[in-house]
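J.: Mind folding the following:
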Amino acid sequence: MTHRKAVLLMVAVTLMWSIAGVVSRHFEAARGFEVTFWRSAFNALALVVMLGWLRGPATLVSAIRSGGRTLWLSGLCWAVMYTAFMMALSLTTVANVLVTMALGPLFTALMARFALGHRLAARTWAAIVLAGAGIAWMYAREVSGSDPRHLAGTLVALGVPIAAAVNWTLIQHNRGGEKQDMLPAVLIGAVLSAAAMVLPSQPFAATGRDLALLAMLGVVQLAIPCLLAVTIARSLSAPEMSLLGLLEVVFGVLWAWLGANEAPAVSVIGGGLLVLLALAGNELMALRERRA
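T.: Numbers count the residues shown, from 1 in each chain. This next block holds a predicted model:
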């Protein structure tokens, strides 16, 4: 894959990831736990079909059975990300959730520093400080007595970048990570998420339209882009992947604004811009260093 093709494909991946917020605003009856259950269930079904076709059913089953603790812990992290994301969308705005998720690269850098002993560059510390200021600006209104659901949604959304940071650090810590097939962990996470949500989702209330939208999310917004991202990672550097991944925030907020009339608050726009500026600046400098 050429570099240009990989970049264009990564932009397409972020477009697919970004549709979850606006689609979730058009459900007729499904809410909260049930939305999370059906999305994860459809994702798991799609991954079984796709991975079974790519690797073969026997190879897929063997990879899961012999994966060991690292694979299953990674799957648990995926389950937390799937679950926290949809639950957060049911509590707060799309902009709040996406900007909170954008903190993933900084959380990963911090966790790698303390868990793996990786040294952080001065630019990364500066980005952490700037992003922290942006987050404080964004959520000062919620903490000071605004709708408590927004604060709860923000706290739930924090589970996504934290779980992502743990997942990445876990894979890096695994010395055989380059040899071990970690893609089945995505499937394990989908199954665990659906299993955890099946009882709280009772009684099911989703309409036929809801199920169609949730099936689209499970396949188009999760399964397909996850598989594509793994392929793209072979052609793009980590800073490039992180920088292009920030487009999900821009696209997601724009879709929610245009498709669901969910205009972000001034504090979210201002704080979000600070977060994105911190992350983009850090990744651009990292990319320049790698090229140098």
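J.: where does the stretch 1-150 of the chain have low pLDDT?
T.: Judged by pLDDT under 70, the stretch 1-150 of the chain has its weakly predicted residues at 118, 139-147.
J.: Please enumerate the helices of it.
T.: Taking DSSP state H, counting those that start in this stretch, the helices of the stretch 1-150 of the chain run over residues 3-17, 20-24, 32-55, 57-65, 68-89, 94-101, 104-116, 122-143, 148-157.
J.: Who are the packing partners of the second one?
T.: Using 3 or more Cβ pairs under 8 Å, 6 or more residues apart in numbering; DSSP states H and E as the contact definition, the elements that helix 20-24 packs against are helix 68-89, helix 94-101, helix 247-260. Backbone N, C-alpha and C define where each C-beta goes, glycine included.
J.: again, only using 6 Å
T.: The elements that helix 20-24 packs onto, with contact taken as 3 or more Cβ pairs under 6 Å, 6 or more residues apart in numbering; DSSP states H and E, are helix 247-260.
J.: And the first one, by the same measure?
T.: For helix 3-17, the packing partners by 3+ Cβ pairs under 6 Å, 6+ apart come out as helix 224-232, helix 247-260.
J.: Columns distance to residue 232 and mean neighbour count on top of the helices of the stretch 1-150 of the chain, output as JSON lines?
T.: Below are the helices of the stretch 1-150 of the chain laid out as JSON lines (distance: least, Cβ to Cβ, whole Å; neighbours: other Cβ atoms under 10 Å):
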{"stretch": "helix 3-17", "distance to residue 232": "5", "mean neighbour count": "16"}
{"stretch": "helix 20-24", "distance to residue 232": "20", "mean neighbour count": "22"}
{"stretch": "helix 32-55", "distance to residue 232": "15", "mean neighbour count": "21"}
{"stretch": "helix 57-65", "distance to residue 232": "21", "mean neighbour count": "14"}
{"stretch": "helix 68-89", "distance to residue 232": "18", "mean neighbour count": "22"}
{"stretch": "helix 94-101", "distance to residue 232": "19", "mean neighbour count": "27"}
{"stretch": "helix 104-116", "distance to residue 232": "16", "mean neighbour count": "18"}
{"stretch": "helix 122-143", "distance to residue 232": "23", "mean neighbour count": "18"}
{"stretch": "helix 148-157", "distance to residue 232": "25", "mean neighbour count": "18"}
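J.: Quick check: which of these is nearest to residue 231?
T.: Go through the helices of the stretch 1-150 of the chain one by one with Cβ to Cβ and the one that ends up closest to residue 231 is helix 3-17, at 8.0 Å.
J.: Other residues contacting the closest one?
T.: Among residues not part of helix 3-17, those counted as contacts by Cβ atoms under 6 Å, 6 or more residues apart in numbering are 220-221, 225, 228-229, 232, 235-236, 244, 247-248, 251.
J.: what bits of the stretch 151-292 of the chain have low per-residue confidence?
T.: Across the stretch 151-292 of the chain, the ranges flagged by pLDDT under 70 are 172-180, 237-239, 292.
J.: Helices of that one, residue ranges please.
T.: Chain-ordered helices for the stretch 151-292 of the chain, with DSSP H, counting those that start in this stretch as the definition, fall at 159-173, 184-197, 208-216, 224-232, 238-245, 247-260, 266-291.
J.: and the fourth one with helix 32-55, angle?
T.: In terms of direction (axes from the mean of the first three to the mean of the last three Cα atoms, to 10 degrees), helix 224-232 departs from helix 32-55 by 40 degrees.
J.: Need the residues that contact helix 224-232.
T.: Residues contacting helix 224-232 (Cβ under 6 Å, 6+ apart): 6, 9-10, 13, 16-17, 183, 186.
J.: Give the buried residues for it.
T.: Within helix 224-232, the residues scored as buried using 16 or more other Cβ atoms under 10 Å are 224-227, 229, 232.
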